[in-house]
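Trainee: pasting the sequence and the predicted model now:
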2 protein chains.
Amino acid sequence: MEETVHFELSIEFLEKFREGIESRNRDFILSSLENVPAADITLLLHNFNEDESKYVIDQLDTEIGAKIIIDLDEDVRERFLRNFSPSEIATFVNKLDSDDAVDLLSELQIKEREEVLAGVDSPEKEAHILDLLRYDEDSAGGLMAKELIKANLNWSVVQCIEEIRRQRENVSKIHAVYVVDDNGILLGRVSLKKIILSEDKVKIADIYDENVVSVETFVDEEEVANMMQRYDLEAIPVVNVQGKLLGRITIDDIVDVITETAEEERQLMTGISADVEENDSIWLLTKARLPWLIIGIVGGLVSAEFIKFFEEDLTRIVAIAFFIPLIQATGGNVGIQSSSIVVQSLANPTIFEHGITKRLFKVLIVSLLNGMVLALLVFCSNFLFGGSINLSFVVSIALFSVVVISSLVGTITPLVLDRFEINPALASGPFITTTNDIIGLAIYFFVIDLLI
Amino acid sequence: MEETVHFELSIEFLEKFREGIESRNRDFILSSLENVPAADITLLLHNFNEDESKYVIDQLDTEIGAKIIIDLDEDVRERFLRNFSPSEIATFVNKLDSDDAVDLLSELQIKEREEVLAGVDSPEKEAHILDLLRYDEDSAGGLMAKELIKANLNWSVVQCIEEIRRQRENVSKIHAVYVVDDNGILLGRVSLKKIILSEDKVKIADIYDENVVSVETFVDEEEVANMMQRYDLEAIPVVNVQGKLLGRITIDDIVDVITETAEEERQLMTGISADVEENDSIWLLTKARLPWLIIGIVGGLVSAEFIKFFEEDLTRIVAIAFFIPLIQATGGNVGIQSSSIVVQSLANPTIFEHGITKRLFKVLIVSLLNGMVLALLVFCSNFLFGGSINLSFVVSIALFSVVVISSLVGTITPLVLDRFEINPALASGPFITTTNDIIGLAIYFFVIDLLI
C-alpha cells in the first residue's frame, strides 16, 4: 500500500523523470507511474511543458489519460488540447462520464466538437452528451451526469442486480439505485446496503425509500450545493418539470462548486478581475490587477478634487489633513464589515428573512454603539496628545457620522445588488469600497465646514 | 414524494405551528412534521425559542431529535443543551454516530460529560467515544467516526455480507468495506458494487482493491479536505502510525470543513473577530466588530501623528493633503491583492514551490508594470486638471514607490505568517492592512520631503 499511495516527489525524481521523457524511455515512465493516482500524475505534469506532458499521456492507459485531462484547470486544458487531434480527444471522451465529457467538449470550437463527437464509440454516450450540452453550465442540468442505475418499481432485487451488472462499466460510483415508474418518473431510491441485505425475489416496491430529495434541471449550482450540504447527500437525482429522472449530480462536483464559489468571492473582495494564480504569466497577473487599481486611482483623484474644494479650510487649519487617513480607513473598515455580515447571511438563508426595516434598525444600533466608542476613543486620545479641543470635537463628530453612514451603506449595498441578481460579495469589492472612501471623506469635510 | 420533500414554509404555517406549540397540540405537530427531513425541522425551529423548540423535539422520534441537535450551530447547541438533563442527552447520544457524539460531548462540562457517558447504552459506543475524545478536534482523528465495515482479508463475500447485516444499524452510510489483515492493518477496500456483483464464495483477497488512500490520525483537517477533493473520495479511512484501521471520515464532514475554512478566511479578511451572524445579538455584533475598528483607529491616530511631523511642508503646500487618500487607498489595494494571490497559492500547493527569490522577482516585475501605468495615469490627469507639474511629478514618484513596496510587503507577509504557522489569510486582515496604510503614507511624505 505504502508505495502506491504516498507518492512523494523529490527534486531527484523530477530530474530522473525529465531525463526519462527526453530519452523517450517508455518503460521507465510506465514503471515509475504504476499505481500512481491520476490526480498525482496531473500535479507532476505541471512541471513539464505541453509536448513533454503529451508524450507522457500518450504512453499511459487512455483511462488514466482521460482523468488527467479532466483534472487540469480549464484554461490549461483548453490550451493543452490544441496538441491533440479530434480523434485522439474522442478516445478520451469515450472513457469519461457524460458530465466530464460535456465540460471538455464545451471548451472546443463547434467544428472540432462535431469531429470529436463523430469519434465517440457508443451512440448512447453521444446522445447523452448532445442532451447535456443544452443545459446552462451553472445549473443542475449542466452539472449532472446521465450515468446512473435506474430500477423500475415492479422489479425484483435480482433484476436490479442484473441492471447493476449491465451498467458496471458505465457507472463508476454507485451511491444508490433510483426507482422510477413506467414513465420514468422518479419515485424514490434504494441504497446498495439494502440491496445487499435483501432476498433476491423481494420487490423493489417493498423496500424503496420514498423520501428522496431531487432537484430540477434549472436549479442554480449554488442552490444544489446548499441542498446537498443541508441534507448530507452524496448524490442527488436531477428531474425535469414532470418529475422524470434525467441524471444525477455527485458530491465531488459539488465540492468543486463550493471551493470555486469561495474563491470567486475572495476575488471579488480583493478586486482581482480574472481567475489568476501566482504561477500565471506576468502579463496576465498585471492585467488582472490593474482594473481595481485604476478604480482606486480614479477614486483617489476624485477625493483630491474634493479636498481641493476645502482648500481654504485646510490652509487655515492644517491639522484637518492629519485626520484624513483616520476617517478614510474607518469608513472603509466599517463598510466592509457590514457588507460581509450581510453577504454571509444571504449565502446561508434561514427560512424567514427579517424585513429590511428590522435589519437596518439593528445595524443602526450596532453602528451607534461602535461609533460612540470610537469617537470617544479618538477624542480622549487627541485630548491627551494635546490637540485642539475644538478640532478634536469636530473630528469625533465626523468619525461618529462616518461609522453610522458607512454601516448603513455597507448593509444596503449587498441587499440592493442581490435584488438585482448581482453577486452581493461585490459590495466588499473595489468599486463599492472606493465609493465608501469618498463618502467618508465627504462627511468629514461637510462636518468641518459646518462646525469650524 | 412532492409533499414530503419540498417542505415550503409560509408565514401562515409558522403561525399555525406556533399555536400548535402553545396549545401543546402533539398530534398537529407530529402530523405536520411527518416525513420532513431533520435539517428542515432545524431551520423551522430557528423561529422558536428554546422552550418551544425543546417541546417540539420532545415529541419527535429520538433519532430525528438527535439529528436536529447535531444540525444546530455549535454556540446555539451549547446553550440549548442546558435545558436537557444528562440522561436526556444520553438518549440522543445513543442515536448518534461516534464522531457526532464526540462533537456534542466535547461541548459539555467534564462532570456533565461523565453523567451523559454513564447513560450511553452500548459499552462499545462508550469505548468509541472515549477513544475519540483523545484526538485534536481539527485533526483527522477528531473528524473520524469509528463506525465502519471491516472485513478480514481471508473472509468470503458471504461473510462480508454477514458483517454488513450485523452492523446495519450502526453504520448508516456504507461507501465501501475496508479490508484488514489479522492485526487490523488496513490493506485495501472493496466497493459495495463489487460485493453485489461477486459470487458468495469468492474470497475478499481476490477482489479487493489495494490502491486505497488513507490518512493518519494527526493529519490536519484542511489537509484531509485537500486529499479527498484531489482524489474525489466520498470516505477516507483513518489509520494510526502502524497502519492499523481506526475509523473513517465521510465527505459530509469534509464539506463542512471546506465551508468553515472559507468563512473563517473571509472573517480574517474583513476583520470580524468572532464567528458572528446577522441574527446574533446587538451586543455580540458590536463586540465582534470593535477590535478591528480600534486597530484601524490606532493606525489612523499614528498616521495623524506622522503627518503632523510634516506640518511645515503641508503649510507651505496645502495641495500635498489632496493626494493622501489616493496614496493610502492604492497602497492598501495593492497590498491586499498581493497577499490574496499568495494566500491562494498557499492553499492550493503544487508539488514544487518556486523559491522565494523567484517569487519576489516576479512580484517585482508585475508591480513595476502596475506602478508605471498608475503613475503615468495620475501624472497625466494632474497635468490635464491643471495641477502643479512639480507636485504632480512628486505624487507620481511616490505612488510608483508605494505600489512596488506594498506589493513586496503584501507578498512577503503571508509567506512569513505561514512559516510561523499562522493563518496567512490574516495578511489581508486589519492589522496588516493598517500597517500597509501607514507604510504607504510614510513613503509619500518621505518622497515629498526629499523632492520638494
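Mentor: Perfect, thanks for sending it.
Trainee: what's the spacing between the residue of chain A positioned farthest from its centre and B:Ile317?
Mentor: Relative to the centre of chain A, the most outlying C-alpha is that of A:Arg316, 52.3 Å out, by C-alpha atoms, centre = their mean. The spacing between A:Arg316 and B:Ile317, counted by C-beta to C-beta, to the nearest Å, is 15 Å. All C-beta atoms are positioned from the backbone trio N, CA, C, and that covers glycine.
Trainee: ok so, going back, what does the pLDDT read for the residue farthest from the centre of chain A?
Mentor: Predicted confidence (pLDDT) at A:Arg316: the value is 88.
Trainee: contact partners for it?
Mentor: By C-beta atoms under 8 Å, 6 or more residues apart in numbering or on different chains, the contact set of A:Arg316 is empty.
Trainee: make it 10 Å
Mentor: Listed by C-beta atoms under 10 Å, 6 or more residues apart in numbering or on different chains, the contact partners of A:Arg316 are A:310, A:452, B:318.
Trainee: could you do A:Ile89 as well?
Mentor: Contacts for A:Ile89 were tallied using C-beta under 10 Å, 6+ apart; they are A:66, A:69, A:81, A:104-105, A:108, A:112-113, A:115-116, A:119-120.
Trainee: what's the domain layout of chain A?
Mentor: Here the domain parsing of chain A from automatic domain parsing is A:2-136, A:150-259, A:282-451.
Trainee: how many other residues sit next to A:Ile432?
Mentor: As a burial measure, A:Ile432 scores 19 neighbours (other C-beta atoms under 10 Å in any protein chain shown).
Trainee: quick check, nearest of the contacts of A:Arg316 to A:Leu391?
Mentor: A:Leu391 lies nearest to A:Ile452 out of these, by C-beta to C-beta, at 7.5 Å.
Trainee: what distance do you get for the closest residue to A:Phe218 other than its chain neighbours to A:Glu223?
Mentor: Leaving aside its sequence neighbours, A:Phe218 sits nearest to A:Ser139 (C-beta to C-beta, 6 or more residues apart in numbering or on different chains; 5.5 Å). Going from A:Ser139 to A:Glu223 by C-beta to C-beta gives 9 Å.
Trainee: shared neighbours of those two, anything?
Mentor: When contacts are counted by C-beta under 10 Å, 6+ apart, A:Ser139 and A:Glu223 are jointly contacted by A:Val215.
Trainee: quick one, which of those two is more surrounded?
Mentor: Between A:Ser139 and A:Glu223, A:Ser139 has the larger neighbour count (other C-beta under 10 Å), namely 19 against 13.
Trainee: for the more buried one, name its beta-bridge partners.
Mentor: Counting by DSSP bridges, A:Ser139 forms beta bridges with A:Asp220.
Trainee: that one contacts A:Gly247, doesn't it?
Mentor: No: contact criterion C-beta atoms under 10 Å: A:Ser139 and A:Gly247 do not qualify, at 11.7 Å.
Trainee: overlap in contacts, the two.
Mentor: A:217, A:238.
Trainee: go through the lengthiest helix in chain A and flag the buried ones.
Mentor: Counting residues, the longest helix found in chain A (DSSP state H) is helix A:389-419. Using 16 or more other C-beta atoms under 10 Å in any protein chain shown as the test for burial, helix A:389-419 gives A:391-415, A:417-418.
Trainee: out of these, which touch chain B?
Mentor: Contacts with chain B are made by A:395, A:399, A:403, A:407, A:411 out of the buried residues of helix A:389-419, judged by C-beta under 10 Å from any C-beta of the partner chain.
Trainee: CSV for those residues, including pLDDT?
Mentor: Shown next, in CSV, are those (pLDDT from 0 to 100):
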residue, pLDDT
A:Val395, 91
A:Leu399, 93
A:Val403, 93
A:Ser407, 91
A:Thr411, 88
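Trainee: just the buried residues of the contacts of A:Arg316.
Mentor: Using 16+ other C-beta under 10 Å as the burial test, the contacts of A:Arg316 include A:310, B:318 as buried.
Trainee: what is the nearest of the contacts of A:Arg316 to A:Met372?
Mentor: When the contacts of A:Arg316 are compared for distance to A:Met372 (C-beta to C-beta), A:Ile452 comes out closest, at 21.9 Å.
Trainee: for the closest residue to the closest one other than its chain neighbours, give me its contacts.
Mentor: Take A:Ile452 and drop its neighbours on the chain: the residue closest to it by C-beta to C-beta, 6+ apart is A:Val394, 6.0 Å away. Shown in contact with A:Val394 (C-beta under 10 Å, 6+ apart): A:317, A:320, A:323, A:388, A:444, A:447-452.
Trainee: if you set the cut-off to 7 Å instead, what comes out?
Mentor: Going by C-beta atoms under 7 Å, 6 or more residues apart in numbering or on different chains, A:Val394 touches A:447-448, A:451-452.
Trainee: need the pLDDT of it.
Mentor: 90.
Trainee: measure it to chain B for me?
Mentor: Distance of A:Val394 to chain B, computed by C-beta to the nearest C-beta, to the nearest Å: 14 Å.
Trainee: whatever residue of the stretch 151-300 of chain A ends up closest to chain B: neighbour count?
Mentor: Nearest residue of the stretch 151-300 of chain A to chain B (C-beta to the nearest C-beta) works out as A:Gly300 at 2.7 Å. Using other C-beta under 10 Å, A:Gly300 has 28 other residues around it.
Trainee: and for A:Leu285?
Mentor: 26.
Trainee: and the residue of the stretch 301-450 of chain A nearest chain B?
Mentor: Taking C-beta to the nearest C-beta, chain B has its nearest neighbour within the stretch 301-450 of chain A at A:Leu326, 2.7 Å off.
Trainee: which strand or helix spans the residue of the stretch 151-300 of chain A closest to chain B?
Mentor: Element membership for A:Gly300 (DSSP states H and E) is helix A:282-309.
Trainee: that older thread, closest to A:Pro37 out of the contacts of A:Val394?
Mentor: Sorting the contacts of A:Val394 by how near they are to A:Pro37, with C-beta to C-beta, puts A:Val447 at the top with 62.8 Å.
Trainee: and that closest one, what does it touch?
Mentor: Applying C-beta under 7 Å, 6+ apart to A:Val447 gives the contacts A:394, A:397-398, A:401.
Trainee: so which helix or strand takes in the closest residue to A:Ala398 other than its chain neighbours?
Mentor: Once flanking residues are discounted, A:Ala398 sits nearest to A:Val447: 4.1 Å by C-beta to C-beta, 6+ apart. Following DSSP H and E, one finds A:Val447 within helix A:430-451.
Trainee: would you mark the buried spots in that helix?
Mentor: A:430-445, A:447-448.
Trainee: how about stretch A:158-175?
Mentor: Buried residues in stretch A:158-175, counted by 16+ other C-beta under 10 Å: A:160-161, A:163-164, A:170-171, A:173-175.
Trainee: ok, and which of those residues reach chain B?
Mentor: For chain B, the contacts drawn from these by C-beta under 7 Å from any C-beta of the partner chain are A:161, A:164, A:174.
Trainee: sec struct for the last one, please.
Mentor: Using DSSP: H, G, I helix; E, B strand; the rest coil, the structure places A:Ile174 in coil.
Trainee: correct me if wrong: it contacts B:Lys193.
Mentor: Yes: assessed by C-beta atoms under 7 Å, A:Ile174 is found in contact with B:Lys193 at 5.0 Å.
Trainee: between the two, which contacts overlap?
Mentor: Common contact partners of A:Ile174 and B:Lys193 (C-beta under 7 Å, 6+ apart): A:Ile164.
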